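Asker: Pasted the sequence and its predicted model underneath.
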Amino acid sequence: MDCYETPAKISRMIKTPVSILQEMMVKKGSVPNYELIHDGGGSHENTFTYRVTCEGLLATGTGRCKKDAKHAAASNMLEAIVKHNGLLPLPASPAKSPVRAPPPQPKPEPYLQDLNGPFVNAIGALQDLCADNDLQGPVYNTTSDVGPPHARVFTIECAVASFKEEGVSTTKKQAKHLAAKKMLQRISDVLDDASKSSISFLKMVKPSELEANERAKKIFLEQKALLPKKVNLGVKLADYPNRLRSIYAEDVRKNTCEKLNELASSFSDLLRDCGDVEDTPRCAALKESFEELLKPLNIDVCEGVINNRFQVVSLDTTPEIVESYWGDEPMWKVQMNVYLRIIKHLKMLLS
């Protein structure tokens with residue numbers, strides 16, 4: 001009887017290549033000889049190599065751990081035996097050993113600054129761009145941290161409005177810089193496109209008719225006006241009035257100042273005409289007119305009362321404009337006076 005099992009019989013055995021080779025050799029009165037010829041290499045991406053010899057035949061196998069390498073060598077030896085004896089091709093083993101170590105991930109190239117070009121602080125530039133365009137500042141999150149302690153690979157996500165970009169590098173600082181650089185370029189491209197085309201047209205187009213990138217741009221442009229503003233910490237306090245003035249076109253500022261003058265006269269007339277008798281509808285109408293005037297400038301009005309004697313009104317500009325008024329007179333007069341102060345303050349900044 002032939003000592004070698006037929007392939008059909010081997011395929012019914014729920015055994016690993018090492019077990020099958022061992023049984024085959026024992027029936028012939030010998031055992032396979034395994035020799036470890038490469039032991040890892042000493043790096044965090046170790047590979048092992050086994051060599052097995054049986055009756056003058058030789059085969060090798062490589063794996064990420066010793067067990068995988070030994071099974072690979074046994075499997076290759078079985079193939080060599082089948083070929084040497086002219087048997088039918090051996091079917092795949094139904095019980096392959098599991099891969100206990102994942103294959104190594106490609107290591108990202110470290111970020112290198114172009115020595116011939118100017119240095120660009122992408123993180124700071126992105127923060128400034130968001131402040132200039134009334135966007136909430138970028139949010140950074142570490143989404144992945146893999147690898148051995150001496151060779152970590154970090155992935156950091158940068159999110160602004162509906163946009164998200166990722167940076168991958170061997171340090172968190174470099175990954176954050178790469179993510180900020182990608183986001184800076186993407187937002188700059190969108191703002192540049194918006195200045196060359198009609199934003200109102202983008203808002204009229206149905207989402208189903210837009211490509212994915214155009215939909216993202218549309219959401220971004222809508223959120224640009226909805227998200228709260230953040231103070232740009234890179235600007236000196238003395239430069240804030242100039243920064244606020246530069247946000248709006250000259251004709252917009254001139255038109256707003258003219259309407260503010262008219263509103264200031266209306267508030268003064270109300271205080272003079274009514275004496276101590278409150279004209280509630282007129283007061284409400286003037287405050288509503290002031291809020292409507294500031295809506296095109298994306299400025300919201302907030303007011304508060306303390307102890308029915310102290311009135312505060314604030315505008316969510318950058319920086320925030322706050323005025324207050326206190327007095328023993330009726331509360332409606334306190335409100336009208338604080339609105340006169342906030343109008344005067346805003347006119348000074350826009351002029």
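Answerer: Great, that's in hand.

Asker: where do the helices sit along the chain?
Answerer: For the chain, the helices defined by DSSP state H occupy 7-11, 17-27, 66-84, 122-132, 172-196, 199-204, 212-226, 240-247, 250-274, 280-294, 331-350.

Asker: Val146: which of those is closest?
Answerer: Among the helices of the chain, helix 172-196 comes nearest to Val146, with 12.1 Å by C-beta to C-beta. Heads up, the C-betas are built off the backbone N, CA and C, glycines and all.

Asker: distance between the closest one and the chain's centre?
Answerer: 11 Å (C-alpha atoms, centre = their mean, to the nearest Å).

Asker: Does anything pack onto it? Which helices or strands?
Answerer: Judged by 3 or more C-beta pairs under 8 Å, 6 or more residues apart in numbering; DSSP states H and E, helix 172-196 is in contact with helix 122-132, strand 139-146, strand 153-160, strand 163-169, helix 212-226.

Asker: Could you dump the helices of the chain into a markdown table and include distance to Ala59?
Answerer: Below are the helices of the chain laid out as a markdown table (distance: least, C-beta to C-beta, whole Å):
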| stretch | distance to Ala59 |
| --- | --- |
| helix 7-11 | 17 |
| helix 17-27 | 10 |
| helix 66-84 | 4 |
| helix 122-132 | 53 |
| helix 172-196 | 44 |
| helix 199-204 | 65 |
| helix 212-226 | 51 |
| helix 240-247 | 74 |
| helix 250-274 | 81 |
| helix 280-294 | 82 |
| helix 331-350 | 83 |
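
Asker: Gly147: which of these is closest?
Answerer: helix 172-196 (12.6 Å).

Asker: pretty sure Pro241 contacts Lys347?
Answerer: No: if you go by C-beta atoms under 8 Å, Pro241 and Lys347 don't touch, sitting 12.0 Å apart.

Asker: Show me which of the two is the more surrounded one.
Answerer: More neighbours surround Lys347 than the other of Pro241 and Lys347, with 17 against 14 (other C-beta atoms under 10 Å).

Asker: just to revisit the earlier point, right, so the helices of the chain: which one is the most enclosed?
Answerer: helix 66-84 (a mean of 20; mean count of other C-beta atoms under 10 Å).

Asker: which helices and strands does that one pack with?
Answerer: Secondary-structure packing of helix 66-84 (3+ C-beta pairs under 8 Å, 6+ apart): helix 17-27, strand 33-40, strand 47-54, strand 57-63.

Asker: where among those is the average confidence lowest?
Answerer: Within the helices and strands packed on helix 66-84, confidence is poorest for strand 33-40, with a mean of 83 (mean pLDDT).

Asker: Check which helices and strands that one sits against.
Answerer: Contact here means 3+ C-beta pairs under 8 Å, 6+ apart; on that basis strand 33-40 packs against strand 47-54, helix 66-84.

Asker: export these to TSV and tack on distance to Ile343?
Answerer: Below are those laid out as TSV (distance: least, C-beta to C-beta, whole Å):
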stretch	distance to Ile343
strand 47-54	76
helix 66-84	78
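
Asker: re earlier: of the helices and strands packed on helix 66-84, give the one that comes closest to Asp132.
Answerer: Across the helices and strands packed on helix 66-84, closest to Asp132 is strand 47-54 (C-beta to C-beta), at 52.5 Å.

Asker: distance between the closest one and the chain's centre?
Answerer: Per C-alpha atoms, centre = their mean, the displacement of strand 47-54 from the mean C-alpha position of its chain is 47 Å.

Asker: That one: partners in the sheet, and parallel or antiparallel?
Answerer: Under the criterion DSSP bridges, strand 47-54 sits next to strand 33-40 (antiparallel), strand 57-63 (antiparallel) in its sheet.

Asker: For the residue nearest to Cys302 when sequence neighbours are not counted, give me its contacts.
Answerer: Spatial nearest neighbour of Cys302, chain neighbours left out: Ser314 (5.0 Å); criterion: C-beta to C-beta, 6 or more residues apart in numbering. By C-beta atoms under 8 Å, 6 or more residues apart in numbering, Ser314 lies in contact with 301-303, 320-323.
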